[in-house]
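In: Please work out how this folds:
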Amino acid sequence: MSVTYAELGELKEGSYIVIDGEPCKIVEISKAKTGKHGSAKVHLVAIGLFTGSRKTLTAPADQRVEVPIVEKRSAQVLAITGNTVQLMDLETYETFEVDMPKEPEIASRLSAGVEVEYWIIMGRRKIIRVK
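Out: Down below sits the predicted model:
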């Protein structure tokens, strides 16, 4: 698994975190300083990158959490078959299949020969945008 570790209090909106084994993008974060002997708490809301599900996490600000390493690559669309898209990496010339993106603005622009940017996150691939 390609993850690194960070303290929860250091994360900001727009950064990534692993919650329940699912890589997520943080969309909302709030910090609450507790009483005289307590530690600061962080409450965050994140959206799963692959599932689109909403996840929340409340924990002390000094707790160490997993942060996924995002590898950004370019590929060319070879074929579209049903719910999968066949891609060829433009650096390694490796061919592989990924799921059709759920976002309609990306899915509608996909066709054979088009260049796309895809991310490798924790061993899984996802098409992010059409170039």
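In: how deep is Pro23 tucked in, by neighbour count?
Out: Using other C-beta atoms under 10 Å, Pro23 is surrounded by 25 other residues. To be clear about C-beta, it is placed using only N, CA and C from the backbone, and glycine gets the same treatment.
In: so where is the protein shaky, pLDDT-wise?
Out: Low-confidence segments of the chain, defined by pLDDT under 70: 1.
In: where do the helices sit along it?
Out: Residue ranges of the helices in the chain, as given by DSSP state H, are 104-107.
In: Centroid-nearest residue for it?
Out: Leu49 (4.2 Å; C-alpha atoms, centre = their mean).
In: residues touching that residue, list them.
Out: 16, 22-25, 121, 126 (C-beta atoms under 8 Å, 6 or more residues apart in numbering).
In: Rebuild those as a markdown table, extending it with distance to Asp89.
Out: Converted to a markdown table, these look like this (distance: C-beta to C-beta, whole Å):
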| residue | distance to Asp89 |
| --- | --- |
| Tyr16 | 22 |
| Glu22 | 25 |
| Pro23 | 20 |
| Cys24 | 25 |
| Lys25 | 24 |
| Ile121 | 16 |
| Lys126 | 14 |
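In: Which of the residues you listed fall within strands?
Out: Among these, DSSP state E puts 16, 22-25, 121, 126 in strands.
In: how near is the residue nearest to the centre of the chain to Pro101?
Out: Distance from Leu49 to Pro101, counting by C-beta to C-beta, to the nearest Å: 11 Å.
In: show me where this structure has strands.
Out: With DSSP E as the criterion, the chain has strands spanning 3-7, 16-19, 22-32, 41-48, 54-60, 64-68, 70-81, 84-89, 95-99, 115-121, 124-130.
In: Including distance to Ile106, could the ones you listed go into a markdown table?
Out: As requested, those are exported to a markdown table (distance: least, C-beta to C-beta, whole Å):
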| stretch | distance to Ile106 |
| --- | --- |
| strand 3-7 | 26 |
| strand 16-19 | 19 |
| strand 22-32 | 16 |
| strand 41-48 | 16 |
| strand 54-60 | 21 |
| strand 64-68 | 20 |
| strand 70-81 | 11 |
| strand 84-89 | 10 |
| strand 95-99 | 12 |
| strand 115-121 | 8 |
| strand 124-130 | 6 |
